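Novice: sharing a model prediction with you, sequence too.
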Amino acid sequence: MRSHRHAILFIALSAAAVALLVCDLLTGTTPIPISQIWASLAGSGASDEYAVIVRELRLPKAVMAITAGIALSVSGLQMQTLFRNPLAGPYVLGISSGASLGVALFTLGMPLLGITAGSAASAIGITGMAWTGSAAILLLVMALSRRIKNINVILIVGMMLGSAISAVVGILQYVGTEESLKAFVVWTMGSLTNVTHADLLFAVPIVAAGTALGVAVIKPLNMLMLGENYARSMGLGVRRARTMIFLSTTLLAATVTAFCGPIGFIGLAMPHLARMTFRTADHRILMPASMLWGVVAMLLCCVVCDIASRIGVMLPVNTITSLLGIPIIIAVVMRNRNSAS
C-alpha cells in the first residue's frame, strides 16, 4: 500500500515538473506560441528570433533551475541526516561564505584590473572565485574532520568559519567602490538568467558527480540516522562516509553558488517536504523525492519570476525561494515542538 502511494506521488511530482518546465519555456517578457517552442527545440520550422530566445536564453535557464534544484535538495538532505539537525542545510559548512569571500575579493579588485561589471571577464571571474572560495573551505573542513571525531563540533566549526568569513566580507564591502559593491549585491540575490550553454557544460557534469556520490551514500545515510556509534557498530567506516558526504555536498552546493549565487531555503526546506509527503525516513525514497521537490520548487520560482518580468518587475530568485521555504520551515519547527510536548 505504501509503495503504491509512493509511486503515485513520484508520478504526480514528475508530471508537475514537466508542466512547469513547459510553462517556464512559454513565459517571459516575449510571448512565444507553444508550436514555436517545439519547433525551436526540434531545430526546424521556428523563426530565428524565437529560436534564439528559446535555445540561448530560456532553455539554459530551465536546465540550470533543474540542476540547482537537484543539487541543493540532495546536499540539504545529506547535511540534515549527517548532523541529525532539521535546520542544517547545504551551506552549514561555510561553503556559501567561502564563495562570498571569493566573489567579494574579485569584485573589489575589478576596478584595479580594469574589468567592468557585467562583462564576460566579470562573469568568468565571479564564477571562478566563488568555486575557489568554496573549495578552500571544503579542504579546511575536511582537514579538521580528520582530527575531530565529534560531528557536532564540526558543525560548530563550520558555523564559526562562516561567521568569520562574513565579517571579512563585510569589511570588503565597506571599503569597496560603488561599482564593486553593486556587482557583489547583485550576485548575492541569486540569478539564473545569465547562464549560458558553456556554463552548463561545466556545471551539469560536476552536479552529476556530486549527485552520484550522494546516491552512493544512501545506505550509510540510513545507518547514520541513528547516530555514528550505531553506524560504527554496524560496520560502517564513519570517517570515509563522512568524507564522501562532505565532498558530495561541496560539489553540489559550491557549483550552484558559483553559477547562480547563494540560493536560500531550497536545500533546507525540500528534504522536509519530501519527508512530510512521502512519510518515510528511508533515504532510498527520500533522495529521489527531495530531488523532484527541488526541481518543482526551482522551476516554480522561474515561472513566477518570468510572470513578474512581463509587468516590468525583475524579482531575484532568492526572494521567491525564501517565500516558498520559510512557511515549510516554520511548519517543521511547530510540528517538532508539538511532537516534543
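Specialist: Nice, I can see it.

Novice: could you pull out the helices for the stretch 1-150 of the chain?
Specialist: 2-26, 34-42, 48-52, 59-83, 95-113, 120-147 (DSSP state H, counting those that start in this stretch).

Novice: show the average pLDDT along the fifth one.
Specialist: Looking back up the chat, that one is helix 95-113. What helix 95-113 shows for mean pLDDT is 78.

Novice: could you tell me how far it lies from the centre of the chain?
Specialist: 20 Å (CA atoms, centre = their mean, to the nearest Å).

Novice: try the longest one
Specialist: Remark: helix 120-147 is offset 15 Å from the chain centroid, using CA atoms, centre = their mean.

Novice: can you list contacts of the helix or strand just after that helix?
Specialist: Per DSSP states H and E, the first helix or strand lying C-terminal to helix 120-147 is helix 151-175. When contacts are defined by CB atoms under 8 Å, 6 or more residues apart in numbering, helix 151-175 is touched by residues 82-83, 85, 88, 91-94, 96-98, 100-101, 104-105, 108, 137, 140-141, 144-145, 148, 181, 184, 228, 242. In short, each C-beta sits where N, CA and C put it, glycine included.

Novice: of the helices of the stretch 1-150 of the chain, which is nearest Val304?
Specialist: Relative to Val304, the nearest member of the helices of the stretch 1-150 of the chain by CB to CB is helix 2-26, separated by 10.0 Å.

Novice: contact partners of the closest one?
Specialist: Against helix 2-26 from outside (CB under 8 Å, 6+ apart): 32, 34, 37, 54, 58-59, 61-62, 65-66, 277-280, 285, 288-289, 292-293, 295-296, 299-300, 302-303, 306.

Novice: spatially central residue in the chain, please.
Specialist: Leu72 (3.2 Å; CA atoms, centre = their mean).

Novice: tell me which element the closest residue to that residue other than its chain neighbours falls in.
Specialist: Nearest residue to Leu72, sequence neighbours excluded (CB to CB, 6 or more residues apart in numbering): Gly267, at 3.8 Å. Gly267 is part of helix 266-278, with elements assigned from DSSP H and E.

Novice: identify the residues contacting Ile66.
Specialist: 17, 21, 295, 298-299.

Novice: correct me if wrong: Thr107 contacts Phe184.
Specialist: Yes - with contact defined as CB atoms under 8 Å, Thr107 reaches Phe184; the gap is 4.6 Å.

Novice: of these two, who's got more company?
Specialist: Thr107 (28 against 23; other CB atoms under 10 Å).

Novice: list the contacts of the more buried one.
Specialist: 117, 126, 176, 180-181, 183-184, 187.

Novice: could you turn the buried ones of the contacts of helix 2-26 into a PyMOL selection?
Specialist: With 16 or more other CB atoms under 10 Å as the burial test, the buried ones among those are selected in PyMOL as follows:
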select buried, resi 32+37+54+58+59+61+62+65+66+277+278+285+288+289+292+293+295+296+299+300+302+303+306
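
Novice: check the gap between Thr29 and Leu72 for me.
Specialist: 27 Å (CB to CB, to the nearest Å).

Novice: picking that back up, how close does the residue nearest to the centre of the chain get to Thr255?
Specialist: Taken as CB to CB, the span from Leu72 to Thr255 is 10 Å.

Novice: so Trp131 makes contact with Thr255?
Specialist: Yes - applying CB under 8 Å, one finds Trp131 in contact with Thr255, separated by 7.1 Å.

Novice: more neighbours, those two?
Specialist: Thr255 (26 against 22).

Novice: so that one makes contact with Thr127?
Specialist: No - using CB under 8 Å, Thr255 makes no contact with Thr127, being 9.5 Å away.

Novice: what bits of the stretch 101-250 of the chain have low per-residue confidence?
Specialist: 110-123 (pLDDT under 70).

Novice: which non-adjacent residue is nearest Ser75?
Specialist: Nearest one to Ser75, counting by CB to CB, 6+ apart, is Pro90 at 3.6 Å.

Novice: what's the one you found sitting at in phi/psi?
Specialist: Backbone torsions for Pro90, taken as degrees, to the nearest 10, come to phi -70, psi -10.

Novice: what sits against it?
Specialist: Here Pro90 is in contact with 71-72, 75-76, 79, 249, 252-253, 267-268 (criterion: CB under 8 Å, 6+ apart).

Novice: would you list those in TSV and tack on distance to Leu13?
Specialist: Output for those, formatted as TSV (distance: CB to CB, whole Å):
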residue	distance to Leu13
Ala71	17
Leu72	16
Ser75	19
Gly76	17
Met79	22
Thr249	23
Leu252	20
Ala253	22
Gly267	17
Leu268	19
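
Novice: looking at those, which is nearest Ile329?
Specialist: Out of those, the member with the shortest distance to Ile329 (by CB to CB) is Leu268, at 6.3 Å.

Novice: surely that closest one touches Ser75?
Specialist: No - checked against CB under 8 Å, the pair Leu268 and Ser75 is beyond contact range at 10.2 Å.
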